[in-house]
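Engineer: Here is my input, please return the structure:
(chains A and B)
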Protein chains: 2
Amino acid sequence: MSKNASLKAALVIIGDEILSGRTQDTNTRWIAGKLGERGIALDEVRVVPDVQERIVEAVNAMRARNDYVFTTGGIGPTHDDITSESIAAAFGVAIGLHPEAVKMLEAHYHAKGMEVTEARKRMAMIPEGARLILNTVSGAPGFVIDNVHVMAGVPHIMQAMLEHVLPGLGQGAVVQSFSLDVQIPESELAGPFKALAARYPDISMGSYPFMRDGKWGATLVLRSTDEHDLARASEDLRAMIQALSR
Amino acid sequence: MSKNASLKAALVIIGDEILSGRTQDTNTRWIAGKLGERGIALDEVRVVPDVQERIVEAVNAMRARNDYVFTTGGIGPTHDDITSESIAAAFGVAIGLHPEAVKMLEAHYHAKGMEVTEARKRMAMIPEGARLILNTVSGAPGFVIDNVHVMAGVPHIMQAMLEHVLPGLGQGAVVQSFSLDVQIPESELAGPFKALAARYPDISMGSYPFMRDGKWGATLVLRSTDEHDLARASEDLRAMIQALSR
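Structural biologist: So this is what the prediction gives:
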């Protein structure tokens, strides 16, 4: 794969259980980290209800403006698992039993002395033209259609699926970061930090406040794909903090 | 406030630090829970970068189709805090020093023997026509413009702000839920669970798989605003599980 300066991705979480507040999402952070290591920037996340038109809308909006889209959730065997049909609808293609997916399910269930029932076969219903993503954990595969990667929602299955597809994705310029926690309130950092940011227009500089032992501080984060530039700016940031601490 | 059968809200997270994978979001779950208690369903979450046009796009899309929109993040004093300007742009209004906000900052900083510097005054720049949301933690207020509620990103400040605005929001029909963890794989639950869902079209029924001690199970969740209906369906769900466990 060629090294592309800027590759970006969106995540669509099919997520009644996130929207109800029942479940704490942890997939976003994991996916962001893994994509980041490959130089693919997570550019947007949408959490939408388990409703076909909402999934279609989000996936179509995101696939048009990103190099990659990932979805999590809704590919199991129960009636509320509507992701595969929704993706087929988003692409305007038919959905049907995928022979290779059926074989994967047979291999998985036969090894446990179980049959591939009608309910289980539902997990082999794949939109036309998609290729499968191996599921090493529980048999039922994910799939890729065009630039959309459809994965399970259960974290350890999703992780296995993403690890499986990552080597086939493009390699972008990896964003390096430097961060510094300082026990100085943001309102005192703001002036010099703004001046520093103005000196390095290609470096993204963010300040994230925190309170520790009743006192305000901030994590200052510098991010850039240019290691050399980042090193220089980080030195300047340290000098700025030393001057402020005097 | 009148009791409205369906009130819905969207959350826009201004979130470079979430998208980079550096920070684990916990605000979504807390906000979802608090809104749920008031009968306001969280219907979508968008995490967008700290870029004005992206904030404007998300806020305008979400405010057009929800009763309420909440934003978190980007209202501090540093140069990367661009939420207030972005909200002003989304509404096409000017932004300026809000006299009441300046007074809030003065009260906060003077109590600590500190001055309201130019950097701190930045936190009193509020879009025209907005009313303030009290910040009991750190002085700098949030604000409400039309149906958009602009809050801090730091969890305990955001929480104090949301508690402050909640009593002024409409009261919707509260969704009650019943959930049952069962050590039966989803593929065996699927048939009877689908039949149960068909008998109760007004009850949302979801199945969320988990693995415990190497065995698959699922959390079955029933949700409805009708307590009586929910109680009957929950009884039927228990009976279904007993029949499957025999």
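Engineer: From now on I want contacts and neighbour counts done on CA atoms only, so please keep to that.
Structural biologist: Noted.
Engineer: Just the element for the most centrally placed residue in chain A, please.
Structural biologist: For chain A, residue A:31 is the residue whose C-alpha lies nearest the centre (Cα atoms, centre = their mean; 3.6 Å). With elements taken from DSSP states H and E, the one containing residue A:31 is helix A:27-37.
Engineer: and the helix or strand that that helix is followed by, how far from the chain's centre?
Structural biologist: Using DSSP H and E, the helix or strand that follows helix A:27-37 in sequence is strand A:40-48. Taking Cα atoms, centre = their mean, to the nearest Å, one finds strand A:40-48 lying 6 Å from the centre of the chain it belongs to.
Engineer: Over to stretch A:188-208?
Structural biologist: In this view, stretch A:188-208 has its centroid 27 Å away from the chain centroid, taken as Cα atoms, centre = their mean.
Engineer: For it, list every residue counted as buried.
Structural biologist: For stretch A:188-208, burial by neighbour count (16 or more other Cα atoms under 10 Å in any protein chain shown) applies to A:188-193, A:196-197, A:203-208.
Engineer: Just the residues you listed: which are in helices?
Structural biologist: Using DSSP state H, the subset of those located in helices is A:188, A:189, A:190, A:191, A:192, A:193, A:196, A:197.
Engineer: how near is the residue nearest to the centre of chain A to chain B?
Structural biologist: Per Cα to the nearest Cα, to the nearest Å, residue A:31 is found 8 Å from chain B.
Engineer: Could you tell me the model confidence score at that residue?
Structural biologist: Note on residue A:31: pLDDT of 98.
Engineer: got a list of what it touches?
Structural biologist: Taking Cα atoms under 8 Å, 6 or more residues apart in numbering or on different chains, we find residue A:31 in contact with A:162, B:21.
Engineer: Are there helices or strands packed against the biggest helix by length in chain A, and which ones?
Structural biologist: Criterion DSSP H: the longest helix present in chain A is helix A:227-245. Judged by 3 or more Cα pairs under 8 Å, 6 or more residues apart in numbering or on different chains; DSSP states H and E, helix A:227-245 is in contact with strand A:176-182, helix A:186-199, strand A:215-224.
Engineer: Okay, buried residues for the last one please.
Structural biologist: Buried residues in strand A:215-224, defined by neighbour count with 16+ other Cα under 10 Å: A:216, A:217, A:218, A:219, A:220, A:221, A:222, A:223, A:224.
Engineer: circling back to that earlier point, and the buried residues of stretch A:188-208 near chain B, which?
Structural biologist: Restricting those to those near chain B by Cα under 8 Å from any Cα of the partner chain leaves A:188, A:189, A:190, A:191, A:193, A:205, A:206, A:207.
Engineer: and the two most separated of the residues you listed?
Structural biologist: Longest distance between any two of those is 15.9 Å, between A:188 and A:205; criterion Cα to Cα.
Engineer: and the next element down the chain from the helix or strand harbouring residue A:163?
Structural biologist: Per DSSP H and E, residue A:163 falls inside helix A:155-165. Next helix or strand after helix A:155-165 toward the C-terminus (DSSP H and E): strand A:171-172.
Engineer: And chain B, is that next one touching that?
Structural biologist: No: between strand A:171-172 and chain B, judged by Cα under 8 Å from any Cα, nothing touches; the nearest distance is 14.6 Å.
Engineer: now swap in stretch A:33-52 and tell me
Structural biologist: Yes: contact of stretch A:33-52 with chain B (Cα under 8 Å from any Cα) involves A:33, A:36, A:41, A:42, A:43, A:44, A:45, A:46, A:47, A:48, A:49.
Engineer: Any chance of those residues in JSON lines with distance to residue A:139 and neighbour count as columns?
Structural biologist: Output for the residues of stretch A:33-52 next to chain B, formatted as JSON lines (distance: Cα to Cα, whole Å; neighbours: other Cα atoms under 10 Å in any protein chain shown):
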{"residue": "A:33", "distance to residue A:139": "26", "neighbour count": "19"}
{"residue": "A:36", "distance to residue A:139": "28", "neighbour count": "23"}
{"residue": "A:41", "distance to residue A:139": "30", "neighbour count": "27"}
{"residue": "A:42", "distance to residue A:139": "28", "neighbour count": "30"}
{"residue": "A:43", "distance to residue A:139": "30", "neighbour count": "21"}
{"residue": "A:44", "distance to residue A:139": "29", "neighbour count": "23"}
{"residue": "A:45", "distance to residue A:139": "27", "neighbour count": "27"}
{"residue": "A:46", "distance to residue A:139": "27", "neighbour count": "23"}
{"residue": "A:47", "distance to residue A:139": "26", "neighbour count": "26"}
{"residue": "A:48", "distance to residue A:139": "26", "neighbour count": "24"}
{"residue": "A:49", "distance to residue A:139": "25", "neighbour count": "21"}
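Engineer: can you tell me which of the residues you listed lies nearest to residue A:159?
Structural biologist: Nearest member of those to residue A:159, counting by Cα to Cα, is residue A:33, at 11.5 Å.
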